[in-house]
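K.L.:
no FASTA, just this:
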């Protein structure tokens with residue numbers, strides 16, 4: 001069995017920015033990280049549950065909205 005995780009964080013960040021006018025720098029500061037580190041995490045398919053929770057809290061969404069997965073048997 002193989003699990004493929006598809007990161008949707010960048011999509012949610014862009015949606016949040018369009019809705020609120022927030023900058024990536026502001027979002028990164030709310031998450032206590034540098035904008036560069038936040039950008040790397042937005043692109044990663046290997047992030048911790050803690051990071052998902054931080055993104056979901058700052059973006060005001062459920063953590064399940066930040067990724068999707070497929071199971072291949």
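P.N.:
Yes, it's here. Everything quoted here is computed from the prediction, not taken from an experiment.

K.L.:
quick one: the strands in this protein, in order.
P.N.:
2-7, 67-72 (DSSP state E).

K.L.:
mean pLDDT and distance to residue 34 added to the ones you listed, as JSON lines?
P.N.:
No exception for glycine: its C-beta is placed from N, CA and C like everyone else's. Shown next, in JSON lines, are these (pLDDT from 0 to 100; distance: least, C-beta to C-beta, whole Å):
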{"stretch": "strand 2-7", "mean pLDDT": "88", "distance to residue 34": "19"}
{"stretch": "strand 67-72", "mean pLDDT": "90", "distance to residue 34": "22"}
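
K.L.:
just put those strands in TSV and tack on distance to residue 39 and mean neighbour count.
P.N.:
Output for the strands of the chain, formatted as TSV (distance: least, C-beta to C-beta, whole Å; neighbours: other C-beta atoms under 10 Å):
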stretch	distance to residue 39	mean neighbour count
strand 2-7	12	11
strand 67-72	17	10
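
K.L.:
could you say which one of the ones you listed comes nearest to residue 49?
P.N.:
For those, proximity to residue 49 was assessed by C-beta to C-beta; strand 67-72 is nearest, at 10.7 Å.

K.L.:
elements contacting the closest one?
P.N.:
Judged by 3 or more C-beta pairs under 8 Å, 6 or more residues apart in numbering; DSSP states H and E, the packing partners of strand 67-72 are strand 2-7.

K.L.:
just checking, what packs against the strand it packs on?
P.N.:
Against strand 2-7 (3+ C-beta pairs under 8 Å, 6+ apart) you get strand 67-72.

K.L.:
OK, contacts around residue 24?
P.N.:
The contact partners of residue 24, taken as C-beta atoms under 8 Å, 6 or more residues apart in numbering, are 13, 17, 35, 38-39.
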